[in-house]
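Participant: Predicted coordinates and the sequence they were generated for:
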Amino acid sequence: MYLNCHTYYSLRYGTVKPERLLAIASENGVQTLALTDINTTSACLDIVRLSETYKIKPVLGVDFRNKVQQAFILIAKNNNGFQNINQYLSKFLHHQDLKIPERLDEALEDCFVIYPYQKGKDFELKTNEFLGISPKDLNQLKFSKWNKHREKLVILKTVSFQNKKGFNTHRLLRAIDNNTLLSKLPKSEEGNENDIMLPYDELCDIYSEFPTLISNTQKLLDHCTIRFDFKSTEPKNQKAFTDNEASDYELLEQLTYQGISYRYGDDVDPKIYKRIEKELSIIKQKGFVSYFLINWKILEYARSKGYFYVGRGSGANSIIAYLLRITDVDPIELDLYFERFINLFRQNPPDFDIDFSWKDREDITQFIFKSFKHTALLTVYNTFKFRASVRELGKVFGLPKAEIDKLTAGKFNVNKLDRLSLLVLKYSRYIEGFPNYLGIHAGGILISEKSIHYYGATFMPPKGFPTTQFDMIAAEDIGLYKFDILSQRGLGKIKDAVNIVAYNHPNQPKLDIHDIKRFKADKRIKYLLKNAKAIGCFYVESPAMRMLLKKLQVNDYLGLVAASSVIRPGVAKSGMMRQYILRYRYPEKRREAHPVLANLMPDTYGVMVYQEDVIKVAHYFGGLTLGEADMLRRGMSGKFRSRDEFLKVKQQFFDNCRNDGKPYEFVADVWRQIESFAGYAFAKGHSASYAVESYQSLFLKAYYPLEYMTATINNFGGFYRTELYVHEARMHGGNIESPCVNNSSKEAIIKGKTIFLGLMFLQSLESKTIERILIERLKNGKFKSLDDFIERVPISIEQISILIKINAFRFAKINKRELLWEAHLKISKTVVQEHIMTLFKTEKINYKTPELSHTDLENAFDEIELLGFPLCNPFYLLEQPRPGKMRARHLLAFKDKYISIKGYLITTKNTSTSNGKRMYFGTFLDYDGDFIDTVHFPPVAAKYPFRGHGIYEITGKVMVEFDCVNIEVSRMERAAIIEDPRYAIKSLNPTFQKKKSFKDLKNMNRV
């Protein structure tokens, strides 16, 4: 009887979770229910999947509205009707300027149309069109012409809320959506507080005077049947890459055998052929042939365009993927078993993650949409987070900003809060997890056999590609598996670095960046790894990874593969990271591993390091089938943690171990390790793929550090800010120059050992200004003077001031303060236009400007303002620039002693202790540019907090573990830096007092 039911996917309107809607319907004796969310089909697949549990027949449709004003409701008779509704809705979601008409303007097959009585009472209704009569319309109906045409009338009892609290939540969501105070929310923006579900009998009683409406509604629902098969394991993706599945298999076989000579040469081990036959058989049996071929086609295109890519994930366990050049990891070399990727028991589809440079991914996506007919990006549901909700609801209730800040930060005594603040907290907790808006999955793309609209509507985000309204979990439920087309800056750095090396060393042979075999044996790379000198290198540069590499003393490929997974949060959380380090470094410790686990994981000394280890332990130790073990692994990822099937598998694990006579305490400890780790761990093939990219970047860093740092700077770094990569280039002998109109490009460029920072790094310098400078310089040569520049480049005084302040005209050998005077006198403040060609040049008037000077300190503050960091040693900016004698290189000699040292803050990381308190890890540079790593336990972190960027006086105890040095901080104060010398009138800094250059400070601080 309910033809218009909303879930909370009616964004910022509905307040009922999909499963709760079905539960309410079941409780109220409702046997058939039409889900018609407002302008969305996000919940449709979930409702159909869950409906069987609640013994409710699902009917699907859409409530079409212009904002909150209802136009009509479309209900699908069958799957074809649902597809037509999705296509119709998508038209409006793709073109935001299109308004939904008051009356359906297209003939949609297999659909019912229901107009609200007040909107449609003057329409002439077609066969499939009806008027919806709400309870409040009944009195009017008695005196209407439609009372004599009851065959066209149906019950329209809207359901948007569960109860009064749901309606109150709805009003708050509407106020957030309208960016208004709750007290000023117009009634026209609200639903009706009576839009709740009534028991079936009670609803029939309301319409008892109009039994025809009840029977009409029932007949309409009886005519509707929607079916999606959630039990079939057959993929719903594009079935055939070629004309048919048979020729697909022939092509896959052909490409596989063609790839053998490229990967293995002429001397091929027979076990490779055996592995190929096994994989081909399973791929064919599971129906994944087209999946491999589509990935191959995408990557063949990428190679034709010269794009760098990395195929990773469990797909690296496949020799077919290796031979098709989808991945660069040899599964034979690493003993990766194919069943982790695809096995006959595995229910979910395979998964390749393909990383491209952030510069190339857009073109790859375009290629996919052009090449394959039924394609869409996957959505993600961006949900309300508690803190953000507190801020939003605080504004809705009209709380002062200071009060909102206090509530958001959690700095309050709940017993002293007023009623409104308590309401803000109460409803913020209630709406936490509600979908707020639809976003785009990081890289998921669907390529379907049927139209995407068979499963749901699509919307058009600013990226310009149709995007589903359902997420990856709903897609997998129905049998649509995603292609992951991801982007990262690491590949951009590698590609750019190779090009920069070719430019800066034109006489050297071309680099083969794919010669991984040679890189694995390279002594320089081994040195960088073992000593953790990997700043800028993919995945191995973070403070945590630097420390782990030092602790493990990794100097080979397999060690790095393991480290790439050991660093993941779960291994540390389970306490097994420390065990792994101990067993790695001290062979006698390996005897402490339980014999069963040691036999299962000999390479990692009985420690679970990879996702495969979870499957091994679950299968061989816990007695689960491979299918159950894989379900356990997936369940640990968090996506399916609450599902019944996962909980059953967990119970089965314990039951099997008990029946096998294993001690409960030991089984519980193994389970704890699995549970804390599996959701975060990498597949071994995934780690191996990451390690390949790490080796490529390590090679470039080892042999071409300046070129590689230039590429890193241009790709906006990695883990750290640009400033550290500039510093790293300087530590490798690079001369860093600020942007220059005669030498700089848009990006940073290198000439010999000199790196000129790019014009794009100047804050507030417009891209059109950069373009004009570069085009003019290319056409007519370098600029000879400020006058020459002004004559040739149309520019505003604001834009040229940026260039002068950064010393971009230093070739003119005129003080930049004098140049600023000149520019203000010679450039009009009117709107800048393109220069008009003139026959004769007008002679510039030269003004006599006062003699001005500036210091290195003033330059540094100009750099901070325009680049975000100074190009000098930041210690020169201290009010009293004496860094002391202690340096990072001295710390090892002070083990277990208290020291004081000054450090320039690079980055911080925070985490929660077991009792929920915050502690921090800090990374600093000392005066010489070497790293200092610190630990700040909760009491110290609370008493001596980080106070932003700057230099800190750090006091603490030197701790050494596994050759890794940390300072356990007991006190920390931020050191005073000089006042901005461009405005200050006095300072203790000698450079300020005596107009010295930084060269004098270098001599003063030399240790």
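Facilitator: On my side now, so go ahead.

Participant: Work out for me the element the residue most central in space within the chain sits within.
Facilitator: Residue closest to the average C-alpha location in the chain (C-alpha atoms, centre = their mean): Ala442, at 5.5 Å. Taking DSSP states H and E as the criterion, the element that holds Ala442 is strand 435-447.

Participant: C-terminal to that strand, what's the next element?
Facilitator: The element immediately downstream of strand 435-447 (helix or strand, assigned by DSSP H and E) is strand 458-459.

Participant: What lies in contact with that next one?
Facilitator: By C-beta atoms under 8 Å, 6 or more residues apart in numbering, the residues outside strand 458-459 that reach it are Asn86, Ser90, Leu93, His94, Ala376, Thr379, Leu438, Ile452, Pro466, Thr467, Thr468, Gln469. (Glycine included, C-beta is placed from N, CA and C.)

Participant: cutoff 6 Å now
Facilitator: Strand 458-459 is contacted from outside by Ser90, Leu93, Ala376, Pro466, Thr467, Thr468, using C-beta atoms under 6 Å, 6 or more residues apart in numbering.

Participant: And for stretch 278-294?
Facilitator: With contact meaning C-beta under 6 Å, 6+ apart, stretch 278-294 is reached by 234-235, 238, 240-241, 248-249, 252, 319-320, 338, 342, 350.

Participant: List the pairing partners of the strand holding Ala442 within its sheet, with orientation.
Facilitator: Strand 435-447 has these partner strands in its sheet, going by DSSP bridges: strand 375-383 (antiparallel), strand 483-488 (antiparallel).

Participant: With distance to Ser389 added, can I get these in TSV?
Facilitator: Below are the strands paired with strand 435-447 laid out as TSV (distance: least, C-beta to C-beta, whole Å):
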stretch	distance to Ser389
strand 375-383	10
strand 483-488	30
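
Participant: So which of those strands is nearest Ile364?
Facilitator: Ranking the strands paired with strand 435-447 by distance to Ile364, with C-beta to C-beta as the measure, places strand 483-488 first at 5.8 Å.

Participant: and after that closest one, which helix or strand comes next?
Facilitator: Scanning onward from strand 483-488 (DSSP H and E), the first element met is helix 489-504.

Participant: For that next one, output the C-alpha coordinates as PDB.
Facilitator: This file holds the C-alpha atoms of helix 489-504, laid out as PDB (Å, rounded to 0.1, in the frame of the first residue of the first chain):
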ATOM      1  CA  ARG A 489      52.500  11.200  -8.000                       C
ATOM      2  CA  GLY A 490      55.300   8.600  -7.700                       C
ATOM      3  CA  LEU A 491      54.900   7.500 -11.300                       C
ATOM      4  CA  GLY A 492      54.900  11.200 -12.500                       C
ATOM      5  CA  LYS A 493      58.100  11.700 -10.600                       C
ATOM      6  CA  ILE A 494      59.800   8.700 -12.200                       C
ATOM      7  CA  LYS A 495      58.600   9.600 -15.700                       C
ATOM      8  CA  ASP A 496      59.600  13.300 -15.400                       C
ATOM      9  CA  ALA A 497      63.000  12.300 -13.800                       C
ATOM     10  CA  VAL A 498      63.900  10.100 -16.800                       C
ATOM     11  CA  ASN A 499      63.100  13.000 -19.200                       C
ATOM     12  CA  ILE A 500      65.100  15.500 -17.100                       C
ATOM     13  CA  VAL A 501      68.100  13.100 -17.000                       C
ATOM     14  CA  ALA A 502      67.900  12.900 -20.800                       C
ATOM     15  CA  TYR A 503      67.800  16.700 -21.000                       C
ATOM     16  CA  ASN A 504      70.500  17.400 -18.400                       C
END
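
Participant: How far does that helix sit from its chain's centre?
Facilitator: 24 Å (C-alpha atoms, centre = their mean, to the nearest Å).
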